[in-house]
Structure formats: C-alpha cells, structure tokens
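Enquirer: sharing a model that was predicted from the sequence below.
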Amino acid sequence: MLDQIVKTLSWIREKSFFIVVQRTFVMLMPIATIGAFFQVLKNGIFSPDSLIYNIFNFDSVMSDQFWNIGNAVSTGMVRVTLGMFGIYVAYFAAVQTARLYRKDATMAGVAAVIVITFCAFLSGADSEKEIQALIYSRVLNINGILFAIIIGYFVGQIFHFFGKDHVHIKNENYNTIRHRAWNTFIPTLISIVGGLILGLVIYYFKIKLMDSLYLKGLISSLHNSNDLKVIVPVTILATLLWWAGIGYPLQSMITTSNSAAAMANMNAALRHGSASVPYKYLGSSLVQAYGWMGNACIALSLIVVILLFTHEKDLEKIAKMNIFQVAFGSTQGLTIGLPIILNPLYLLPVVFIPAINELIAAAAISMKIIVPSVYPVLRGTPGILISFFGSNGNWSCFIFTILLFILDILILLPAIVIGQRINLELIKHGK
Amino acid sequence: MANKQKMIFNKKNIKWLIILFAILFALSIPAFSWMKKTNHDREQRHKAILSPVVMVPGSSATVDRFNPLIKKLNKNNSHPHSVLKVKVSRSGKLSYSGSINRGDNEPIIVVGFENNSDGYTNIKRQAGWLNTAFNQLSETYKFNNFKAFGHSNGGLIWTYWLEHYYSDYSSEIKMTRLMTLASPFNFSEDNINRKTQMLNEFIKYKKRLPKNLRVYSLTGGRSYESDGIVPEASVAAAKYVFQNQVKSFMEITVTGDKAGHSDLPENNQVVKLMKQYLFKAVKQTPAPALSKDKDRNKQVNK
C-alpha cells in the first residue's frame, strides 16, 4: 500500500503545476523565512497584546522612541516581504513554467507581475487611497498565494503556447536582445489582455478577492458554535483552504475571539471556575487551544520530525532557520520552504491532524479530564502552552496538550517517510 | 541506502530541540505568574460591585468645588457617599485627600487640576490629566463601571476624554451615565451656526462615543437666554454631539432660586436630579480585554 501511495504522490508531483509550485516556493524560502522573522518581532515583541511585551512590561521599560522605530521597521519589513509575497510568487511561477517549456522566462515573469498587480489594484479600486489599497491588498498577501500561483502558472502557459523557443545566450548584444523582445511580444500582449479581462470582471462584479462575506460567515459560525458537527467540518475546510494557499479563514479562526459565547464562558469561569462554563466545546477555544494549537500541531511537530528523523541536510537547515519563528507562531518560512502549502504529501496530515486533535480534546472535556480553555491568551504564546494559560494554569490541560503534540508527531512520521521515498523515486527518474 | 536510515534517531539535532524547549520553559515561568496575576485582576474586576461617581469641576475651580453639593447629597442619607479627591499637578502627579470607605459601593471621586484655566487647548490638556488620574484609579479600585459628572468645563473635559481616551478602557470599564451641568459646548457663542473649533471637533469624533451611555445635559435658566454666564444655546449644542449617538440624551432646564451658572451645583433641583439619574448602581458585566495606558494599541490595530 505504501508503494501505491508513493507512486500516486510522485505521479501528482510530476504534473507541471505541482512542479512549478515546488520550484517557486523552494526558491522563495529565504524571503518567507526573513519575513516570518520580522513578523515575530512585530507580533511578539512590539505588539502591546503580545506575551513578551507584557511579561517584560515593555509599556514602561521600552522607551517610546525605541518602540516607534522597532514597530515601524518590523511592520514595514513584514509588509514588503509577506505582504507583497504574491508578486514574487507570480513572477517565479511564470518564470518556472516558461522555463519548463524552454521559453523566455524573464518576460513571462514580468507579465505575470503586471497581471497580478493590476488585479490587486482593481480588486481594491473603490477604496480612497489607491496606492495604499495596492500595498495592503489581500491579493498580494502571503495568505492568498493561490491566486498568485495560478496567475503565474497561466502566464507561463501562455508563453508555452504562444512564445518562441528560447535558448539562453551568454553574451547578449543589442541585436539579440531586440530579437528576444520581439519574440516575447505576442505572449506578453496575450497575458496582459487576459489580465485586463480578469481585472475588469473583478472590477465590474466588485469581487473582493480573498475577502468574501462567505468566508467571514464561515468563521463566525465556528466561533459561535458549540456543536462538534459544525466545528470539525469547518476546521477541515479551513485547513484545506490553508493548504491550498488561502490562509485567511484559518488565520482569523485561531485568534482570540470576543464573541458573546466566549464572553459568557469567561464570565462563568471568573465566577465558578473553568469546569462550569456554558459552552464547553466552543469552536473558537477548541480550535485555538487544541485543534490548531497555535501552529504547534503542524509546524512545530514537523520541525521536531525533520530534525530528529530525516537525514537531509537541506531540510534540517530550513527547520533550524525557522525554529524560532515557528515557536512564536510565524510559520511562513517553513510552509513555503518545505513546502507544506500545495504539497500533496502534506495534504492529509494538514487536513486531519487538527480535526483529530479537536475530537480527542472534546472527548477529554466530556470525560472531565481537561477543562475548556476560556481565558484570553496573549499573542505569541507558544502553541503547546495555550491550553495551559487559557485554563488559568490547569496542569492536566498541560500534560494532555503535550501528549496530543506527541501524537501529532507520530502522525507526521509516515508523511516524512513517504516524502523521502518520493524524493528517491524522483531522483531515479532524473527529475 | 538512505532508505534504511530514515528512522534512525538523529542525535546531533537533539540539542536544537533542547534549546528550543529550554527557551519556552524559561519564558513560561514569568508568563505563568503574569497570567495568574492578570486573571486574578480580571476576577476582582468582574466581581467588583463598586460603581463610583467621578466628578470634574469647571474652570477656576478646585477639588473642593463640590463640597456643598456633596453635603447636600449626603444629607439624610443613611449610607453617605465617601469622598476621594484627586488633584493632578501640571506634570501629571497625583495627590489624594479623603478616602473611599470600605463597604461604600457608590463613592464620589472628585478629580481636579492644578492648571484650571479656561480654553479649548487647556481642556485637551485637562482631559489628558483626567486620564492619568482615571488610569490610576481604575488600577487601584478595579471597578467595572462608573458614572461621570462634570460642571461647566468639566462636562467638556469628559466629552473630550470619551472621544479620545475611553477606548483604552471600554472593554473592561463602562461609563454608564454622564451628567453635564451647564457645560458650554459652543463656549460663549449663542448662535449655533457659528460653531467653535471645539464643537466641530466634538461632532467630528462623535462616532467614538459609547452606544450604551445615557447622557443628561442640565442647564440653568436665570434669564430666558442664559444662566448668567453661559448661553442656553451653547449648552443646547450638546445635542449635536450626543443625540442619536448615545443610548439616550435628555435635556433639562432648571430655573428659579440658585439657577445662576456658579450656583447650579448647590441648586436643590440639581441635587434631586442627580439622585434620581446619576446615583443608582447599575449592573454591568465587563468584557475581558487587556487595557494599556499608552496609545500603542490604536496604532497597531489600524
């Protein structure tokens, strides 16, 4: 059976789209890792609602000047790395696709950048400050890279079908460059016209990409639900979308909720303790504390697995470089660097681990082994400690979470084994 | 070959994990005590039944401005309100006099300022000083709701505070009622078509006013147009700020004996109205959130 899985996954991996995805993400690993580092600084150190900020009392210890500088630098760096990640993804996706078919890759990349920035612009065109709308656009953000990768891939395909074959010349001169430019004219034009039509559709139908009411409704249904029949499917859907490159639903799902139900829980806990809350299986707290475990369930456990059980230097390096970021909740370096996102290998673990965690946690709550996590938890709290702090220091919650974490590691082990088999397979086929 | 190796434990890398978990462990110790303290505070605030009335006097007045008023309020009252007076210096230093009695759930806190001159610039400054005092008071007494009273410029200071500082507290502490007494929202201007800068700015930021607040605007009628100092139209301008913005907004005109601007705090009608509308403990459930005394939250959450 294992052989069958390896074969199927290798077959998927050899599809041009997934080849492009892999190459693009691996290429962009440094940017994602650096971006994640600054995100930790921004969310973990310079943010007044973060753990480190509060326990070291930066409100009074850190001077306003230092805070202003630190906040500006980290916010700015996050914006140009992770905030505009879609541009880089679209560029490299088009480059890699065109290169796959030996077409002129550079122009394909530029054409893809034009298309995606144009779509981002029209997607937020009715906002007052247009330039800002572009920079803050959710289309370009790392949480919405599915869109970018598709655009890059399609532009690359346009170059595949309409571009002339291109051989890289070492010493280009004026004439060869002019010739090259004319060769790319038709596919570039087609790409831009295609982008124009796509942009107009977005503009005309006022499509707010990555911002639809439907997604918001989904999240609030989870936040306010006390029903596992709702919570588990919604979690699966959100992690599936996250795997596919749309991270917004998951991102807002795992932040501390202020819903009426969460308030009621907390007020009850303040009065009579955590065991007697009205909504024992409340979605928001179940996901945050046990399901997603503040990124620990997938990202941190994966780092442990990679460091301990693989003997691949490159993978270990990526894991080591991201260990600090992941511990404080920024996983982009890892999810892009391995990659996890759009990697068929990780689809099943990503989709099912949080759901399994939630079911086990709910069972443990009903058996009164652990208590629901109802107290607000600060940003940047390490994932495996969320349930402990969220239950006002309940030790059985802590031990339970550690066990859950070890279970997640065990679930991920086969994925790594299969991954290595696939790599061998691919090397055998010379790809 | 690599195929066989894959499940072998990689000992070299275990040091990385040890470092990681050591850091997490080291962090979790201060985090644990921080959490215990915060949740304890939350619990205290949640259980608090204290609901003070915070009073701010007008220009040229000191923390003793309301002494006669408080005396009247406490007259024939089996549970007299205890009084705490807080004076804020120009540099923001607080000096206290009086105290809140144990068991008094509705004490009066008077906040006065060393620099009590008139003018919009100074009202803004005084709102900042009020915030310094309020922050300290909320930390010390951990109440989850309070009522506000402002005479003359005091009402304007409260309005400015509500629009610019209240959001730092609003998730934990609710202002349930605000009573302004002869507060000149349009200063000495008696024509509403000539709005002062202050009134324009109050209107500009009125969306920030809390939706659950009840506001009572009292004015004195010495003549048909004014209380002797402040034009009635200027007090009535409050409606452009509060009406349709807060839960309810009520305008009351007091006439007769002691209806002049400076006599109003001792006016028997005013005392009655205060007893009726301001002094009544309100049940409140606070929302949990972390308040910070700096404005960094606002900048971050843009």
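Expert: Structure's in. What do you need?

Enquirer: what's the strand or helix carrying residue A:72 packed up against?
Expert: Under the criterion of DSSP states H and E, residue A:72 resides in helix A:64-81. Counting contacts by 3 or more C-beta pairs under 8 Å, 6 or more residues apart in numbering or on different chains; DSSP states H and E, helix A:64-81 packs against helix A:16-40, helix B:296-300. Placement of C-beta: from N, CA and C, glycine included.

Enquirer: so residue B:183 makes contact with residue B:238?
Expert: Yes: under the criterion of C-beta atoms under 8 Å, residue B:183 makes contact with residue B:238 at 6.8 Å.

Enquirer: overlap in contacts, the two.
Expert: B:155, B:217 (C-beta atoms under 8 Å, 6 or more residues apart in numbering or on different chains).

Enquirer: on that earlier part again, out of the helices and strands packed on helix A:64-81, which is closest to residue A:348?
Expert: Judged by C-beta to C-beta, the one of the helices and strands packed on helix A:64-81 that comes nearest to residue A:348 is helix A:16-40, at 15.6 Å.

Enquirer: so where do the strands sit in chain A?
Expert: Remark: strands of chain A are absent; assignment by DSSP state E.

Enquirer: quick check: most distant residue from the centroid of it.
Expert: Taking C-alpha atoms, centre = their mean, the residue of chain A most remote from its mean C-alpha position is residue A:175, at 44.1 Å.

Enquirer: so how far is chain B from that one?
Expert: Separation of residue A:175 from chain B (C-beta to the nearest C-beta, to the nearest Å): 49 Å.

Enquirer: hmm, back to that, out of the helices and strands packed on helix A:64-81, deepest packed?
Expert: helix A:16-40 (a mean of 21; mean count of other C-beta atoms under 10 Å in any protein chain shown).

Enquirer: that one close to chain B?
Expert: No: counting by C-beta under 8 Å from any C-beta of the partner chain, chain B is not contacted by helix A:16-40; separation bottoms out at 12.6 Å.

Enquirer: list the buried residues for the helix holding residue A:72?
Expert: A:67, A:70, A:71, A:74, A:75, A:77, A:78, A:79, A:81 (16 or more other C-beta atoms under 10 Å in any protein chain shown).

Enquirer: and that helix with helix A:16-40, angle?
Expert: Angle between the axes of helix A:64-81 and helix A:16-40 is 180 degrees (criterion: axes from the mean of the first three to the mean of the last three C-alpha atoms, to 10 degrees).

Enquirer: just to be sure, residue B:253 is in a strand?
Expert: Yes: according to DSSP: H, G, I helix; E, B strand; the rest coil, the state of residue B:253 is that of a strand.

Enquirer: ok, now which ones touch it?
Expert: Contacts of residue B:253 by C-beta under 8 Å, 6+ apart are B:218, B:219, B:220, B:221, B:232.

Enquirer: looking at it, the fourth one is touching residue B:259, isn't it?
Expert: This means residue B:221. Yes: applying C-beta under 8 Å, one finds residue B:221 in contact with residue B:259, separated by 5.6 Å.

Enquirer: these two: who's more crowded?
Expert: Taking other C-beta atoms under 10 Å in any protein chain shown, residue B:221 and residue B:259 do not tie; residue B:259 has more neighbours (21 against 16).

Enquirer: residues near residue 247, how many?
Expert: By default, I'm working from chain A. With other C-beta under 10 Å as criterion, residue A:247 counts 24.

Enquirer: oops, I was thinking of chain B
Expert: 14.
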